[in-house]
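Enquirer: Fold the following and give me the result.
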Amino acid sequence: LAFFTEKYGDKVRVVTIGDQERVESMELCGGTHVESTAEIGSIRLVNEGSVAAGVRRIEAVSGRVAEELVEQRLDTLDRAAEALRVKPEEVDKAVAQLQEQQRRLQREVAQLREKLARLEAENLVNQAVTVQDVAVLAAQVDVEDVETLRRMTDWFRDKLGSSVVVLGAVVKGKPMLVAAATPDVVRRGIHAGNLVREIAQIVGGRGGGRPNMAQAGGQDPEKLPEALAAVVPWVEEHLKSGE
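Expert: As a prediction, the model looks like this:
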């Protein structure tokens, strides 16, 4: 590489890394200030990243600073080993075991949450009302995520048979709505996407989906009960006679 803003004499030093068979780097150099890398001592890479297209920057420390870095990292390793109650050379295995334990506990927590949701769901079945010959359930539940809300909606729909089910929950501070309808009810004019789109406006949101399953989100969790209260009147207006 020739940098034309630099000033060179008649003879320019070229520093080569590698051998004749495999040259890793060959660059013009105004002076490295050392005769060989032995004078530099230890070198430890501390950062590597992209600075431009096709150009990467490698940062390193050397000499006494590199030795201090190694000491700091060894101290950190010793403290981690002490906290984990293992030998320093066993820290990686101990961390892997903790990670697996955390994943197992997360799975168990998810299963417990689903069981609690099922118990709550069983109590809510009795709240369903009948519009013509269709069961309509609109209720607010306490769940952690939308996926659980969808599973509960499916469970209610299967449990109630010919039905329209709309569940609402506050997830991470935001109101969420999931609506579902059985195929026979869809044939009678009920469209879950249209239903959830309309009631979502009450909570300052929007949504939509398929005739049998739809989802919406909003901004005002305090109006979630009002949105759910609008479900039965909407079904009464749009449900066609089954005769």
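Enquirer: got the contact list for the spatially most central residue of the chain?
Expert: Ranked by distance to the mean C-alpha position of the chain (C-alpha atoms, centre = their mean), the top residue is Asp145 at 11.9 Å. Contacts of Asp145 were listed using C-beta atoms under 8 Å, 6 or more residues apart in numbering, and they are Val171. In short, each C-beta sits where N, CA and C put it, glycine included.
Enquirer: Adjust the sequence numbering to begin at 53 for everything that follows.
Expert: Let's use 53 as the start, then, which means that last one is Asp197.
Enquirer: Angles on the backbone of it, please.
Expert: Recorded main-chain torsions at Asp197 are phi -150, psi 170, according to degrees, to the nearest 10.
Enquirer: now the one 10 residues further on
Expert: The phi/psi pair for Trp207 (degrees, to the nearest 10) reads phi -60, psi -40.
Enquirer: what ranges do the helices span in the chain?
Expert: For the chain, applying DSSP state H gives helices covering 115-136, 143-176, 198-212, 235-238, 244-252, 276-281, 283-290.
Enquirer: Now Val138. Nearest residue, chain neighbours left out?
Expert: In space, and not counting its chain neighbours, Val138 is closest to Ala146: 4.7 Å by C-beta to C-beta, 6 or more residues apart in numbering.
Enquirer: hang on, the one you found packs against Glu134?
Expert: No - the pair Ala146 / Glu134 is not scored as a contact, 11.3 Å apart, by C-beta atoms under 8 Å.
Enquirer: which of these two has more neighbours?
Expert: Summary of the neighbour comparison: Ala146 and Glu134, criterion other C-beta atoms under 10 Å, with Ala146 having more neighbours (16 against 10).
Enquirer: how close does that one sit to Gln163?
Expert: Counting by C-beta to C-beta, to the nearest Å, the separation of Ala146 from Gln163 is 26 Å.
Enquirer: In contact with Pro285, which residues?
Expert: Residues in contact with Pro285, defined by C-beta under 8 Å, 6+ apart, are absent; none qualify.
Enquirer: Ala191 now?
Expert: For Ala191, the set of contacting residues under the criterion of C-beta under 8 Å, 6+ apart consists of Leu176, Gln179, Val218, Leu219, Gly220, Leu280.
Enquirer: Once you drop chain neighbours, what's closest to the last one?
Expert: Using C-beta to C-beta, 6+ apart and skipping the chain neighbours, the partner closest in space to Leu280 is Ala190 (4.4 Å).
Enquirer: ok, the one you found - how many residues close by?
Expert: Other residues near Ala190 come to 25 when the count uses other C-beta under 10 Å.
Enquirer: So what sits opposite it in the bridge?
Expert: Taking DSSP bridges, one obtains Val218 as the residues bridged to Ala190.
Enquirer: Pretty sure it sits against Ala281.
Expert: Yes - the pair Ala190 and Ala281 qualifies as a contact (C-beta under 8 Å) at a distance of 7.3 Å.
Enquirer: Now Val198: closest residue in space, sequence neighbours ignored.
Expert: Distances taken as C-beta to C-beta, 6+ apart place Met228 nearest to Val198, at 5.5 Å, with adjacent residues excluded.
Enquirer: Can you report how many residues lie near the one you found?
Expert: By other C-beta under 10 Å, 25 other residues sit near Met228.
Enquirer: What confidence value was assigned to it?
Expert: What the model reports for Met228 is a pLDDT of 94.
Enquirer: Might one say that it is in contact with Gln271?
Expert: No - under the criterion of C-beta under 8 Å, Met228 makes no contact with Gln271, lying 11.3 Å away.
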